[in-house]
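Undergrad: A predicted structure for the sequence below; I have some questions about it.
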Amino acid sequence: MDSNHGSPVPIGKSRLGIFSSLLTCSQQDQPVSPGKYTRSGSRKSAASLDDVRSNGWLDAMKASSPPRKKLLKGSNIQVASIDHETEDYLSWMLDYPSALECFDKIVDRAKNNKIAIFLDYDGTLSPIVDNPDCAFMSESMRATVRSVAKYFPTAIISGRSRDKVFDLVKLTELYYAGSHGMDIIGPACDSLSKVHPDCVKSRDDQGKEITLFQPAREFISLIDQVFKTLVEITKDIKGAKVENHKFCVSVHYRNVEENNWTAIGQRVHDVVKDYPRLRLTHGRKVLEVRPMIDWNKGKAVEFLLESLGFTDRDSVLPIYIGDDKTDEDAFKVLRESQQGYGILVSSVMKESNALYSLRDTNEVMKFLQLLVNLKRQEGRTRDRP
Ligand SMILES: O=P(O)(O)OC[C@H]1O[C@H](O[C@H]2O[C@H](CO)[C@@H](O)[C@H](O)[C@H]2O)[C@H](O)[C@@H](O)[C@@H]1O
């Protein structure tokens, strides 16, 4: 397991032509190198699998012994064997078992605890699309998240600005952390202001008492200045898009022709190198300029757990679902504290600090629906005479 998530990757030039020491996260869309997970089995020996992973055995066994002949999805055609890519992915699932297959095991841990749900937005609740302004979540996903929030404290933790992610999710019953956790609205909580003097008590649009925490507040004008510069220096690159997320800036190159990636990377790098208090990170076909502060999605999870009143870590089971490199900070916090579960959303093999996996947003919705059904069933059992 790569223990260096979130820390600078070794010096070298990336495909974007940037010195990778400046990138605190490595290439996102890139799957792990072939060979890391081989068709002969998992990269780890069975003996080294921990208790949680070993509960994905059934899934993993099925995965590592796929049927010799199988029906092609949606047809009656028999194929001699599944392709190598699928076989590699199934082998990868030995290390990151399906959270759907392991659902009972996951919730079993929560028997005497409350579950708290943390959700990333892009790639988790909405599929990745070319235009970030059109990354809408489906109505069925919205209804599912609304139901989840009825039974469990639920927060969205996104790289987008808090306002933008709220405009997309549109659910007032959730808590929101925007700008990679640098802009949090959580429940009112007195104890937090002792640890974080920047906490401000406020009221939301509905008049409800809330805690507002913006640890990078002093960077707002600097970020705005850098945003304007980045818009200017990328305006002649077709497909480039720059977003101002108040505490960070995103420079998208998804729609930029590949032969211009080096140019865009170099220009962004040249701007950021003049700001020692800013750092450059790398997401899914996006470069992100962020304040150099010790704060990330993992810290946002800890902050929200505390503001929700879960000071005793044994009383809560946090579940964090995300697809991005920045979500690794949250997975890592949960993994290291052995407090909850990180679930990686990925249809390609990736190194992760998560314990489980889901393939795509559809599987995320199925998982969330299972949680809701569980609570409804518990309610029916309780109400029975
Ligand atoms: O933390 P998240 O909620 O996952 O936000 C991460 C970034 O998401 C958005 O960009 C990504 O999704 C876009 C829409 O699907 C896609 O076009 C882009 O290539 C992805 O990088 C958002 O626009 C970024 O600002 C966020 O940082």
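TA: Cool, the structure landed.
Undergrad: Can you tell me the element the residue of the stretch 151-300 of the chain found nearest the ligand falls in?
TA: When scored by C-beta to the nearest ligand atom, the stretch 151-300 of the chain has Gly159 as its residue closest to the ligand, at 2.8 Å. C-betas here are computed from N, CA, C, even on glycine. Here Gly159 sits in a region with no helix or strand, counting by DSSP states H and E.
Undergrad: quick one: Asp205 from Arg217, how far?
TA: 21 Å (C-beta to C-beta, to the nearest Å).
Undergrad: out of these two, which sits in the more crowded spot?
TA: Neighbours were counted for Asp205 and for Arg217 using other C-beta atoms under 10 Å; Arg217 has more, 15 against 6.
Undergrad: helix, strand or coil for Lys332?
TA: Using DSSP: H, G, I helix; E, B strand; the rest coil, the structure places Lys332 in helix.
Undergrad: Skipping adjacent residues, who's closest to it in space?
TA: Spatial nearest neighbour of Lys332, chain neighbours left out: Asn353 (4.4 Å); criterion: C-beta to C-beta, 6 or more residues apart in numbering.
Undergrad: Quick one: neighbours of that neighbour, just the number.
TA: There are 22 residues near Asn353, going by other C-beta under 10 Å.
Undergrad: I'd guessed His196 sits against Phe213; true?
TA: Yes - the pair His196 and Phe213 qualifies as a contact (C-beta atoms under 8 Å) at a distance of 6.1 Å.
Undergrad: The two - which one has more neighbours?
TA: Phe213 (25 against 16).
Undergrad: Let me see the confidence value for that one.
TA: Each residue has a pLDDT score; the one for Phe213 is 94.
Undergrad: Check His5 too.
TA: pLDDT, read off for His5, is 32.
Undergrad: Glu288 contacts Tyr253, doesn't it?
TA: No - using C-beta under 8 Å, Glu288 is not in contact with Tyr253, being 11.7 Å away.
Undergrad: out of the two, which sits in the busier spot?
TA: Glu288 (25 against 22).
Undergrad: hey, what's that one bridged with?
TA: Beta bridges link Glu288 to Ser250, Thr281, judged by DSSP bridges.
Undergrad: any idea how far it is from Thr326?
TA: Glu288 is 8 Å from Thr326, by C-beta to C-beta.
Undergrad: Against which helices or strands is the longest helix along the chain packed?
TA: Counting residues, the longest helix found in the chain (DSSP state H) is helix 361-383. In terms of contacts (3 or more C-beta pairs under 8 Å, 6 or more residues apart in numbering; DSSP states H and E), helix 361-383 is packed against helix 103-108, strand 114-119, helix 139-151, strand 341-345.
Undergrad: List the buried residues for that helix?
TA: Across helix 361-383, burial judged by 16 or more other C-beta atoms under 10 Å covers 361, 363-365, 367-368, 371-372, 374-375.
Undergrad: In CSV: the residues you listed, plus pLDDT and distance to Gly123.
TA: Below are the buried residues of helix 361-383 laid out as CSV (pLDDT from 0 to 100; distance: C-beta to C-beta, whole Å):
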residue, pLDDT, distance to Gly123
Thr361, 98, 8
Glu363, 98, 12
Val364, 98, 9
Met365, 98, 13
Phe367, 98, 15
Leu368, 98, 15
Leu371, 97, 20
Val372, 97, 22
Leu374, 93, 25
Lys375, 90, 26
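Undergrad: can I get these in TSV with distance to the ligand?
TA: Converted to TSV, these look like this (distance: C-beta to the nearest ligand atom, whole Å):
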residue	distance to the ligand
Thr361	10
Glu363	16
Val364	12
Met365	16
Phe367	17
Leu368	16
Leu371	20
Val372	22
Leu374	26
Lys375	26
